[in-house]
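>>> okay, predicted coordinates and the sequence, questions at the end:
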Amino acid sequence: MTKPAVFLDRDGVLNIEAGYIHHVEDLHLIPGVAKAVRKLNDQQIFCCLVSNQSGPARGYYGDNHVQALHRRLCDLLHAEAGAKLDALYYCPYLSPPEGGTDPEFTRWSTWRKPNTGMLVAAAWEHDLDLRQSFVVGDKATDVDMAHNAGCVGILVQTGYGSSVLSGAYQHHTRPDYIAPDLAVAVDWIFQQMGTL
Ligand SMILES: [Mg+2]
């Protein structure tokens with residue numbers, strides 16, 4: 001039977017937005033996120049990372065570095081609250097007009113947000129019902145991806161979220177809910193699901 005999922009953006013939602021993170025030790029969790037992920041885990045809600053990571057396409061670092069960052073992310077979530085991500089998807093690809101230069105990763109991709117490729121892949125591989133699922137992000141493109149796939153789109157005010165809302169970053173978007181941070185977003189998701 002298909003199940004709902006909560007899809008989480010990475011930078012500005014789970015870890016503190018710090019641009020391109022060249023050193024793994026510069027990845028730090030936003031306060032309260034490990035507990036919030038743990039609450040999803042405790043309710044057996046499928047919890048899935050979906051992240052645009054264009055560093056490899058821009059030639060900033062290799063794909064293995066992105067994987068090292070994700071190992072640190074998972075280690076920190078576990079150490080702080082015994083929290084875990086059930087699956088991790090990321091898009092290392094970038095089109096030439098967007099700034100892709102590395103031949104291995106420079107191409108258009110259905111996985112690049114606001115396209116829905118990562119959500120569709122996750123739904124196939126893990127039996128998820130996208131129409132019952134939620135996306136939590138800090139960019140207009142996260143909310144756009146959510147709506148493109150028929151998910152509920154939540155914008156958090158951490159990371160770029162407040163700049164998106166003020167109109168200083170990206171474009172106007174209409175999230176289904178605006179939360180100060182992931183912890184509040186998760187509480188709202190539980191309300192919508194009738195879980196708590
Ligand atoms: Mg982000």
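Sure thing, it's come through.
>>> model confidence score at the residue nearest to A81 when sequence neighbours are not counted, please.
Leaving out its chain neighbours, the residue that sits closest to A81 by CB to CB, 6 or more residues apart in numbering is A34, at 3.7 Å. All C-beta atoms are positioned from the backbone trio N, CA, C, and that covers glycine. If you check A34, the pLDDT there is 98.
>>> and the next helix or strand past the longest helix along the chain?
Using DSSP state H, we find that the single longest helix of the chain is helix 63-81. Per DSSP states H and E, the first helix or strand lying C-terminal to helix 63-81 is strand 87-91.
>>> strand partners of that next one, parallel vs antiparallel please.
strand 46-52 (parallel) (DSSP bridges).
>>> kindly provide the distance from the closest residue to the ion within the chain to G150.
Nearest residue of the chain to the ion, counting by CB to the ion: G12, 3.8 Å away. Between G12 and G150 the distance is 23 Å, computed by CB to CB, to the nearest Å.
>>> who has more neighbours, those two?
G12 (22 against 13; other CB atoms under 10 Å).
>>> how many other residues sit next to the residue nearest to that one when sequence neighbours are not counted?
Excluding the flanking residues, the one nearest G12 by CB to CB, 6+ apart is G159, at 1.7 Å. Each residue near G159 was counted by other CB under 10 Å, and the total is 26.
>>> and S95, by the same measure?
By the measure other CB under 10 Å, the count of residues near S95 is 14.
>>> leaving out sequence neighbours, find the closest residue to it.
In space, and not counting its chain neighbours, S95 is closest to W108: 4.7 Å by CB to CB, 6+ apart.
>>> assign F7 to helix, strand or coil.
With DSSP: H, G, I helix; E, B strand; the rest coil as the basis, F7 sits in strand.
>>> and it, how far from Y20?
Here F7 is placed at a distance of 22 Å from Y20 (CB to CB).
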